[in-house]
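>>> Sequence first, predicted coordinates after that:
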Amino acid sequence: MEDLKNIVEACASGDVRAQEKLYKMFAPKMYGVCLRYAKDATEAEDNLQDGFFKVFTNIKGFRHEGSLEGWIRRIMVNVSLEKYRKQNMLHPVEDVSIYDSQHISEDILDKISAKELIELIHQLPPRYRMVFNLFVMEGLSHQQISEEMQITVGTSKSNLARARDILKRKVTELYRVVGTNENYSA
Amino acid sequence: MNMEEQNMDKAIREKLERFSQQPPLHVWDNIQGQLQAQKRKHRIVFFSRIAAAAVVLLAFMAGWYFNEKSGQITPVVTQNEIQNTNRNIQNENAKSNSDSGKIDPNAFNENNIAGTESKSQTKHIEKETDHESIVPKEETADFIADAKIHQKLSGEESSESETKEVAHLDLLDKIETLFKTSEDRNLKLKEKSIPVNRISEADEVLIAENIRNLNESGGEESKWKLGLQVSPGYSSQNSNYSENYSNSMTYSGQNGNANVTGGISVQMKAGKKWSVESGVYYSQNGQRSTNSEAFNSNSLMYAADYAPLGGERKSYFNTAVNLSNGQIEMNSTAGTIQFSSAPAGTEVGSELDGDEFSPSPASPNTLLTEGEFSQVFDFIEIPLYLRYSLVDAKFGVELLGGVNAGIIAGNKVYMENQYGNENIGKTKDISSVNISGTVGVGLNYALNKNISLAVEPRFNYYLNSINQNPDVSFRPYRIGVYTGLYYEF
């Protein structure tokens, strides 16, 4: 812990080796975060890069009050949100208020790998993906999501339901394909 | 939210929360690149602030310089006038086109033909593209107007008098000789495109003047360079003393001083690679005389006895002094210090009898004080340097060498003790003009055509002892990194 504090201080004074150390410590986890929010790996890499640039330029302001990981993660989420705002603000997806609720057996969710799940999340429309991530992964309320994304609470709710529905269908589809095609490998 | 949804969210969260993946290597490289670019940007902002301040000063000086030459018309103004004149010609052209009745073949003159020549290329293109609307409308209109004039001219030819006909034919002959090699098609086009107008005598004079100015300014290479430099530096000295002098002398401080020098310079290009430089620099050379723990002179050894006891001896300055005509004189590093008055917090002790170390002390009086002496000289330096350009590009390298006349502008001795830093007198026998030699390397970076940044490490060494006393040879030297801006004009 003391070690981490030293690294943070060295990073703040522009020590490249300390920066690399910090990056190696947190990059894989944060790449995972960025992958969830992005539409593909390229966008995730961009966000990871922008996020870490922000981390290093703002690390002087880190007060060691909360966890460093939490702080870095928040930066990654904010960068992803900013990117989303820039790209999707002017092109909102149509709300689909009527949807078919699908049932999904839990054992399918157990079988699916995180990587496969991320692949499926990539396929969600941008706003659904955002709402889903903020609600499920960051634990934000619909009220908070509506403020972050400048949408109504109702839209947030319906987007989440729609995202869940699409995911369920895609998971089921994936496993149906897996079941019928033996050559498939994830 | 029903149970199924909650379970699903939980299952997904658990799976993804633990998920991590190694990002591609280039991401780290990009982050590094970004961070370094930002560092550079910060540095540029810092330097550009300094540069901006220097540029303001330069602009002021340049303004003053050019103000002296205010009688001349600058080429910039006359170029604008050329454009205006051309516009006027076009306007006249349009006017005369609209009033075909007033067309006078005599109006064709050499100037018009010259004008036509420059226009002919564009007209040619117009013809080739025929009536396609690639060419701007205005030009097409011009073209049509010209064509109409020609039609009218040729239409009127038969009815006009013979003299006019001759004039017109004469003109055609001239054009023909001008474009002999052109195809027939082109020739016809040129006939059509002759502007019908007249340039007033005043315009002609103006154009000739402009062309002359333009040629002059275009061919002239910048010959002068104005420089503004500051230099942090390290100064020290090379000194020798006669035995007699050093026997009653302060401990010679060998530690150099860090200080700042600055000045302005003017360079004149003397050849392709060579230029001569002069200017005015201000520099300061200070020499500290420190207390010595290991006493290195007999007198000091005696003097040590006068210092209060209790282990404080080494912080006391105790050097033999001469008392003559009520003045205190003390031999120090750069020469003999002449006290203007007895400084605060000092005592003069006397040793009347010798002992086994020195039976009869050369200088029986000793100055006792806490603190340090510094002998400070201010120089106004007038350099005469030769510069040789090794690399003459955006990033240039130059060698420089030459001599300076160092005029002593200030000669002061300070004593620093518990009473503060006090000016206590001056150094004796300092010559008012001294010669020093300088060598250096100049690294320039051209910011634009006229302004360049320069960093020049220079070594400056006094060729003569600045002290005329034959017992003292004191030659200061200085290593400095001269940083500044050059303005070429």
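Here it is on my side, so go on.

>>> The chain: helices as residue ranges?
Went with chain A since none was named. Secondary structure of chain A, counting by DSSP state H: helices at A:2-12, A:16-37, A:41-58, A:68-88, A:106-111, A:114-122, A:126-132, A:142-149, A:153-180.

>>> Oops, wrong one, chain B.
Assigned by DSSP H, the helices in chain B fall at B:3-17, B:25-68, B:75-98, B:110-128, B:137-157, B:162-178, B:184-192, B:201-219, B:243-247, B:298-303.

>>> ok, of those helices, where does mean pLDDT dip lowest?
Ranked on mean pLDDT, the bottom entry among the helices of chain B is helix B:298-303, at a mean of 42.

>>> which residues touch stretch B:481-489?
Stretch B:481-489 is contacted from outside by B:51, B:54-55, B:58, B:62, B:222, B:224-233, B:261, B:267, B:440, B:444, B:449-458, using C-beta atoms under 8 Å, 6 or more residues apart in numbering or on different chains. Using the backbone N, CA and C atoms, a C-beta is placed for each residue, glycine as well.

>>> So which bits of it are buried?
For stretch B:481-489, a neighbour-count test (16 or more other C-beta atoms under 10 Å in any protein chain shown) marks B:482-488 as buried.

>>> Check which strands are paired with the lengthiest strand in chain B and give the direction for each one.
In terms of residue count, the longest strand belonging to chain B (DSSP state E) is strand B:395-417. Within its sheet, strand B:395-417 is paired with strand B:372-391 (antiparallel), strand B:420-427 (antiparallel), strand B:433-446 (antiparallel), according to DSSP bridges.

>>> which bits of chain A sit near chain B?
Neighbours of chain B within chain A, by C-beta under 8 Å from any C-beta of the partner chain: A:14, A:16, A:19-20, A:23, A:27-29, A:31-32, A:35-36, A:45, A:48-49, A:52-53, A:56-57, A:103-104, A:106, A:109-110, A:112-115, A:117-118, A:135-137, A:164, A:167-168.

>>> Buried among the residues you listed? Make that a PyMOL selection.
With 16+ other C-beta under 10 Å as the criterion, this PyMOL line picks the buried residues out of those:
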select buried, chain A and resi 19+23+27+29+31+32+35+36+45+48+49+52+53+56+104+109+112+114+117+118+135+136+137+164+167+168
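
>>> now the strands paired with strand B:395-417 as a markdown table including distance to residue B:210 and mean pLDDT?
Formatted as a markdown table, these follow (distance: least, C-beta to C-beta, whole Å; pLDDT from 0 to 100):
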| stretch | distance to residue B:210 | mean pLDDT |
| --- | --- | --- |
| strand B:372-391 | 34 | 85 |
| strand B:420-427 | 62 | 80 |
| strand B:433-446 | 29 | 89 |
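
>>> can you redo those as JSON lines with mean neighbour count and distance to residue B:21?
JSON lines is the format used below for those (neighbours: other C-beta atoms under 10 Å in any protein chain shown; distance: least, C-beta to C-beta, whole Å):
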{"stretch": "strand B:372-391", "mean neighbour count": "19", "distance to residue B:21": "50"}
{"stretch": "strand B:420-427", "mean neighbour count": "18", "distance to residue B:21": "66"}
{"stretch": "strand B:433-446", "mean neighbour count": "17", "distance to residue B:21": "45"}
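
>>> now these as a markdown table including distance to residue A:127?
Converted to a markdown table, the strands paired with strand B:395-417 look like this (distance: least, C-beta to C-beta, whole Å):
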| stretch | distance to residue A:127 |
| --- | --- |
| strand B:372-391 | 58 |
| strand B:420-427 | 72 |
| strand B:433-446 | 50 |
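
>>> So chain B: which segments form each domain?
Domain ranges of chain B: B:35-71, B:75-201, B:224-488, per automatic domain parsing.

>>> re the thing from before, in ChimeraX, how would I select just the buried ones from the contacts of stretch B:481-489?
Restricted to buried positions by 16+ other C-beta under 10 Å, the ChimeraX selection for those reads:
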select /B:51,54,55,58,225,226,227,228,229,230,231,233,261,267,440,444,451,452,453,454,456,457,458
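
>>> Keep only those of the contacts of stretch B:481-489 that are in strands.
The members of the contacts of stretch B:481-489 that map onto strands under DSSP E are B:224-233, B:261, B:267, B:440, B:444, B:451-458.

>>> so how far does stretch B:245-263 reach from one end to the other?
Start to finish, the residues bounding stretch B:245-263 are 36 Å apart (C-alpha to C-alpha, to the nearest Å).

>>> can you list the weak-confidence ranges in chain A?
Chain A contains residues with pLDDT under 70 at A:1-2, A:89-107, A:177-186.
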